[in-house]
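Trainee: predicted model and sequence follow; I will ask about them next.
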Amino acid sequence: ERGHVLYGNPVGQQIWAGATRVGLPQPGGDTLWWESIEKAEPPHRWAIGTVIARGHDMPNEMLELETSTGSRRTIRNSAVPVKGDAGEILGAIVLNEDITDRVRAEQALRQNHALLTAIMDTATEIIYVKDCDGRYLHMNKAGARLLGMTVEEIIGWDDYALWPSELATSCRATDRRVTE
């Protein structure tokens, strides 16, 4: 049977307006695109189809939409069944959220982190980042080598745990001057 949408709120209508193709995001950014959304889809192809066919929730399916202008949007698509008193499936409620900006921001953050890490790890001098309590949030490989530790082993420790007492006291005094 073919169902139909009983209600679509204005935001949902805006998300889907102009969509010409839909696909699942693939690792590395390549997308396996589905055919035009106007064509009939097998029930298992969409979260709503799976919900209606199998009767269980389908949370957080990620879809990429390509609009008629060629831009791409990332949508979080979730669906839950609506059941009658006897447990029969009457339909589904679908939630779509446009998370394009968040996905792009996360990608940019990962790229910036990779760039910063590459810069820090190629430096021959010790470079580190501490929190307000003086605990190390990051130290480059040169500093870790000097301490005979891995970068991961340093994270969370303060100067007194890593350096001789006199040097740790001097480091803490310098940190206080810098942060004041």
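Mentor: Perfect, thanks for sending it. Residues are numbered from 1 along each chain as shown.
Trainee: give the next helix or strand downstream of the lowest-mean-pLDDT helix or strand in the chain.
Mentor: Least confident helix or strand, the chain: strand 31-36 with a mean of 43, by mean pLDDT, DSSP states H and E. Remark: after strand 31-36, the chain's next helix or strand is helix 47-54, criterion DSSP states H and E.
Trainee: for this protein, longest helix please?
Mentor: Using DSSP state H, we find that the single longest helix of the chain is helix 100-122.
Trainee: report the mean per-residue pLDDT for that one.
Mentor: In this model, helix 100-122 has a mean pLDDT of 95.
Trainee: same check, this time on stretch 152-163
Mentor: In the prediction, stretch 152-163 has an average pLDDT of 96.
Trainee: start and end of that stretch, how far apart?
Mentor: The first and final residues of stretch 152-163 sit 17 Å from each other (C-alpha to C-alpha, to the nearest Å).
Trainee: where does residue 86 sit: helix, strand or coil?
Mentor: Three-state call for residue 86 (DSSP: H, G, I helix; E, B strand; the rest coil): coil.
Trainee: ok, residue 77 next?
Mentor: Classified using three-state DSSP, residue 77 is strand.
Trainee: in the sheet, who's paired with it?
Mentor: Note on residue 77: beta-bridge partners by DSSP bridges are residue 61, residue 96.
Trainee: ok, how many other residues are close to it?
Mentor: 19 (other C-beta atoms under 10 Å). The C-beta positions use only the backbone N, C-alpha and C, and glycine is treated the same way.
Trainee: and if you look at residue 75?
Mentor: 20.
Trainee: hang on, the earlier thing: which elements pack onto the longest helix of the chain?
Mentor: Helices and strands touching helix 100-122, by 3 or more C-beta pairs under 8 Å, 6 or more residues apart in numbering; DSSP states H and E, are strand 72-83, helix 141-147.
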